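Asker: Turn this into a model:
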Amino acid sequence: MLKQRELDLRAMDMQRRAETDALRINNQDEQFEDRLDFDKVKLEVNDEQSDERLEVAREKMNIKNKGAKNG
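Answerer: Residues are numbered from 1 along each chain as shown. Here you go, the predicted structure:
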C-alpha cells in the first residue's frame, strides 16, 4: 500500500513537471514570436526611414545641380 502511494506521488510529480515544462516551452515560443514581430516592425520602420533619407538626399542633389546650372 505504501509503495503504491509512493508510485502515485512520483507519477503526479512527473506529470506536474511535464506540465510545467510544457508551459515554459509555450511561453518561450510566444516570447520568440513577439520578438520576431518586434524585429519585423523595426526593420520596416528602418526601411521606410532609409527611403525617406534617400529621397531627401536626391532632392538636395537636384537643388544643388539646378543651382550650379543657373549660377
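Asker: going forward, measure contacts between C-alpha atoms and count neighbours the same way
Answerer: Will do.
Asker: show me where pLDDT drops low in the chain?
Answerer: 71 (pLDDT under 70).
Asker: residues in contact with Arg10?
Answerer: When contacts are counted by Cα atoms under 8 Å, 6 or more residues apart in numbering, Arg10 is found next to no other residue.
Asker: Can you name the helix or strand that it falls in?
Answerer: Per DSSP states H and E, Arg10 falls inside helix 2-70.
Asker: How far does that helix sit from its chain's centre?
Answerer: With Cα atoms, centre = their mean, to the nearest Å as the basis, helix 2-70 stands 0 Å off its chain's centre.
Asker: cool, and stretch 58-71?
Answerer: Worked out by Cα atoms, centre = their mean, stretch 58-71 lies 42 Å from the chain centre.
Asker: Pull out the buried residues from it.
Answerer: Residues of stretch 58-71 classed as buried: none (neighbour count, 16 or more other Cα atoms under 10 Å).
Asker: ok, now stretch 3-21?
Answerer: Of the residues in stretch 3-21, none is buried (16+ other Cα under 10 Å).
Asker: From Ala22, how far off is Gln15?
Answerer: When distance is defined by Cα to Cα, to the nearest Å, Gln15 is 10 Å away from Ala22.
Asker: go on, Phe32?
Answerer: Taking Cα to Cα, one finds Phe32 at 15 Å from Ala22.
Asker: now do Lys3
Answerer: 28 Å.
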